[in-house]
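Student: build me a model:
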Amino acid sequence: MIKFLFDRDTWQEVYDSMSKNKLRTVITMVGVWWGILLLIALLGAARGMENSFNRMFGDFATNSVFIWGQSTSKPFKGFQEGRRVNLKLSHAKKIEENIEGIEFVVPRNRNQALVVRNFLSGSYSVNGDYPLLDKVQKKKLINGRFINQNDIDDNKKVAVISEDIYKQLFEKDELAIGQYIQMNSINFTIIGVFQTGNANMGPSSDIHIPFTTFQQIYNKGDTIGWLMITGKPEHNIKQIEEDAKLLLRNLNKIHPKDKRAFGSFNLGKEFAKITGFLKGMQFLTWFIGIATLIAGVFAIGNILLITVKERTKEIGVRRALGATPFEIKRQIVVEAVFMTLVAGLLGIISGGWILIAADSAWGQGDDATFVNASVSIAVVFIALLVLVTLGTLIGLIPAFKATSIKPIEALREE
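Tutor: A predicted model of the protein is given here:
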């Protein structure tokens, strides 16, 4: 078989067969070319979108839910409808201790403040946070550090500011670490500058200060603005949300059917929708690509059947001269595989060019739609293997047709 593939006469015969009707050959191969092009381009686009989402979420703990207090909608145990619900630090502790599957509970607070530096000022959101926040919502620090436990214990007046604030309050290339900004007439030392532009889940965060310092400045006592609850990967974040709300209703003496008392945003559930969409898109891509490939390969099989009909006399002569049925079959299968493989390789190259163009047009910058839109080498090999397999199988149909013709009848064919 190897010797046959390297035989010059084999490929001369393939060339002669294809060149007899060039237009028909090209049109036939277009089906396979288009199928593999669609497969490569769509799979690459799906990978690019997935990379874009992954970059957007970055190190954010996606198996998370945000919960905050609102107003009651039902009277309960002597309390009137419309009572304001306040979350407490003790509530966060109770949730962490009593609900299964929780990895982290992060209490947070937020307020607006006028921030002043020299003659420049602006109104920004100030967040009181624990060092734990950096584990569930990783900050990409450009300079300095994030809040640590000493800052919490000593109520230090330190601040981590966003890159946007740095650009507005500082000169270009000016060192911000160790400099002072003023909030509510209180001086804060800048200890870090973090990069903006990634996914910002929950309320905006322009400035982070120690949670204890925030409580002291704004006289919050034990009250917190909202909770960020992160579940362990193997646990259902939707169930954790329901359990946390149930516990909070009991702690705050709220009617069990009061749906308005607590607001929430389940990031884990939304993230699952995105990943489900991406998986569905990949499945649809494989389905469309493989279906188009099969249609293209069947077209090649049909053309070869026509070719066999046209070459009936030639096949009869070869049989009369001693060619075995296996040799006839082998020649036709090689023609089928060759046409399929050439069309497939052209489709892979064309698909690659499309992905390069898409990356150039929509894959650059922080808000890129496709990030590194590409397909793996494994996918390319699988596509080629499918092509060769389909080409071989479809080539067997005209091959058996050719060998079913008796030599004497073939010689009589006009």
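
Student: and the helices in the stretch 101-250 of the chain?
Tutor: 133-136, 149-153, 163-169, 211-217, 237-251 (DSSP state H, counting those that start in this stretch).

Student: Serialize those helices to JSON lines and add fields for mean pLDDT.
Tutor: Output for those, formatted as JSON lines (pLDDT from 0 to 100):
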{"stretch": "helix 133-136", "mean pLDDT": "88"}
{"stretch": "helix 149-153", "mean pLDDT": "95"}
{"stretch": "helix 163-169", "mean pLDDT": "92"}
{"stretch": "helix 211-217", "mean pLDDT": "94"}
{"stretch": "helix 237-251", "mean pLDDT": "92"}
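
Student: quote the end-to-end distance of stretch 114-131.
Tutor: 24 Å (C-alpha to C-alpha, to the nearest Å).

Student: so which residues make contact with it?
Tutor: For stretch 114-131, contacts defined as C-beta atoms under 8 Å, 6 or more residues apart in numbering pick out 106-113, 146-149, 151-152, 165, 168-170, 179-184, 203-215, 218, 220. (Glycine included, C-beta is placed from N, CA and C.)

Student: flag the shaky bits of the stretch 251-400 of the chain, pLDDT-wise.
Tutor: Applying pLDDT under 70 to the stretch 251-400 of the chain flags residues 308-323, 365-367, 369.

Student: for it, what spans make up the strands?
Tutor: Along the stretch 251-400 of the chain, counting by DSSP state E, counting those that start in this stretch, strands occupy 262-266.

Student: helices of that one, start to end?
Tutor: 267-310, 312-320, 325-362, 377-403.

Student: dump those helices to a markdown table, plus mean neighbour count and distance to Leu248.
Tutor: Output for the helices of the stretch 251-400 of the chain, formatted as a markdown table (neighbours: other C-beta atoms under 10 Å; distance: least, C-beta to C-beta, whole Å):
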| stretch | mean neighbour count | distance to Leu248 |
| --- | --- | --- |
| helix 267-310 | 17 | 18 |
| helix 312-320 | 17 | 83 |
| helix 325-362 | 19 | 43 |
| helix 377-403 | 18 | 47 |
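
Student: which among the ones you listed is found nearest to Ser52?
Tutor: Of all those, it is helix 325-362 that lies closest to Ser52, at 9.3 Å by C-beta to C-beta.

Student: show me what that closest one is packed up against.
Tutor: helix 2-5, helix 8-19, helix 22-57, helix 267-310, helix 312-320, helix 377-403 (3 or more C-beta pairs under 8 Å, 6 or more residues apart in numbering; DSSP states H and E).

Student: got a list of contacts for the helix or strand following the third one?
Tutor: Moving toward the C-terminus from helix 22-57, the next helix or strand (DSSP states H and E) is strand 64-69. Strand 64-69 is contacted from outside by 84-87, 136, 201-202, 225-231, 237, 240-241, 244-245, 248, 252, 261-268, using C-beta under 8 Å, 6+ apart.

Student: strands paired with strand 64-69, and their directions?
Tutor: strand 226-231 (antiparallel), strand 262-266 (antiparallel) (DSSP bridges).

Student: returning to that earlier point: among the contacts of stretch 114-131, which ones are in strands?
Tutor: Members of those lying in strands (criterion: DSSP state E): 106-113, 180-183, 207-210.

Student: and stretch 107-118, how far out from the chain middle?
Tutor: Centroid separation between stretch 107-118 and its chain, computed with C-alpha atoms, centre = their mean, to the nearest Å, is 34 Å.

Student: rounded mean pLDDT for that stretch, please.
Tutor: Averaging pLDDT along stretch 107-118 yields 92.

Student: buried stuff in it?
Tutor: Buried residues in stretch 107-118, counted by 16 or more other C-beta atoms under 10 Å: Pro107, Arg108, Asn109, Arg110, Ala113, Val115, Val116, Arg117.

Student: and these, which is closest to Leu39?
Tutor: Taking C-beta to C-beta as the measure, Leu39 lies nearest Arg108 of the buried residues of stretch 107-118, at 45.7 Å.

Student: which residues sit in contact with the most centrally placed residue in the chain?
Tutor: Centroid-nearest residue in the chain, with C-alpha atoms, centre = their mean: Glu50, separated by 1.6 Å. Shown in contact with Glu50 (C-beta under 8 Å, 6+ apart): Leu278.

Student: kindly report the same for Phe211.
Tutor: Pro107, Arg108, Asn109, Gly128, Asp129, Tyr130, Ile152.

Student: which residues does the fourth one bridge with?
Tutor: Same thing as Gly128. The partner residues for Gly128, given DSSP bridges, come to Asn109, Ile209.

Student: now do it against Glu96, distance only.
Tutor: 18 Å (C-beta to C-beta, to the nearest Å).

Student: which one's more surrounded, these two?
Tutor: Gly128 (26 against 15; other C-beta atoms under 10 Å).

Student: ok, back up a step: now the contacts of strand 64-69: which count as buried?
Tutor: 85, 87, 136, 201-202, 225-231, 237, 240-241, 244-245, 248, 252, 261-262, 264-268.
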